[in-house]
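Engineer: Need coordinates for the following:
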Amino acid sequence: MTERHAGSCLCGAVRIEVEGPLPGPDACHCTMCRKISGHFLASTDVQKEAVRVLGEEHVGWFQSSEKVRRGFCTRCGSTLFWDPIHKDTIAVAMGVFDPPTGTRLHRHIFVADKGDYYDITDELPQSPD
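Structural biologist: Take a look at the predicted model:
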């Protein structure tokens with residue numbers, strides 16, 4: 001039996017299903033992730049072919065750089081994806097998934113850009129970029 005994970009945006013207009021286990025997510029503290037999510041963004045990288053999106057007509061895309069676009073629900077604004085357009089993986093926001101996810105936060109990245117209003121107090125690895 002294949003492991004499956006499902007979830008949705010806040011309003012339910014977009015539903016996401018992922019086939020297979022969820023790799024340990026990264027907590028990205030870069031300025032762009034903080035601004036788009038309101039804090040830092042925890043996401044897991046999965047193969048694009050393992051992701052099924054229902055309600056795809058409600059997914060909007062923001063081209064945040066030459067190489068990356070960010071997906072969100074056009075109805076409620078929920079952050080859904082971080083998509084490096086020239087790779088075969090896509091990062092799905094962990095907040096989308098219904099429990100149990102079967103995974104745990106793996107590491108912190110771009111901690112040199114983290115907000116000044118919080119501290120990272122766990123023992124997970126941290127990378128400045």
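
Engineer: what separates the lowest-mean-pLDDT helix or strand in the chain from the chain centre, distance-wise?
Structural biologist: Between all helices and strands in the chain, the lowest mean by mean pLDDT, DSSP states H and E belongs to helix 31-37, at a mean of 94. Mean-position distance between helix 31-37 and its chain equals 11 Å (Cα atoms, centre = their mean, to the nearest Å).

Engineer: Give the other helices and strands that that helix contacts.
Structural biologist: When contacts are defined as 3 or more Cβ pairs under 8 Å, 6 or more residues apart in numbering; DSSP states H and E, helix 31-37 packs onto strand 68-73, strand 79-84. For glycine as for every other residue, the C-beta is placed from the backbone atoms N, C-alpha and C.

Engineer: try 7 Å this time
Structural biologist: Packing contacts for helix 31-37, counted by 3 or more Cβ pairs under 7 Å, 6 or more residues apart in numbering; DSSP states H and E, involve no helix or strand.

Engineer: Just the buried positions in that helix, please.
Structural biologist: Neighbour-count burial for helix 31-37 flags 32-34, 36-37 (criterion: 16 or more other Cβ atoms under 10 Å).

Engineer: quick one: residue 55 and residue 12 touch, right?
Structural biologist: No - Residue 55 lies out of contact with residue 12 (Cβ atoms under 7 Å); the separation is 8.1 Å.

Engineer: Skip the chain neighbours and tell me the closest residue to residue 54.
Structural biologist: Spatially, and ignoring its direct neighbours in sequence, residue 54 is nearest to residue 15 (4.1 Å; Cβ to Cβ, 6 or more residues apart in numbering).

Engineer: Report pLDDT for the one you found.
Structural biologist: The confidence metric pLDDT takes the value 98 at residue 15.

Engineer: Extract the CA atoms of the helix or strand hosting residue 92 and return them as PDB.
Structural biologist: Under the criterion of DSSP states H and E, residue 92 resides in strand 89-93. The C-alpha coordinates for strand 89-93 follow below in PDB (Å, rounded to 0.1, in the frame of the first residue of the first chain):
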ATOM      1  CA  THR A  89      10.700  18.700  -7.400                       C
ATOM      2  CA  ILE A  90       8.300  21.200  -5.800                       C
ATOM      3  CA  ALA A  91       8.200  22.400  -2.200                       C
ATOM      4  CA  VAL A  92       4.800  22.000  -0.600                       C
ATOM      5  CA  ALA A  93       4.000  24.100   2.400                       C
END
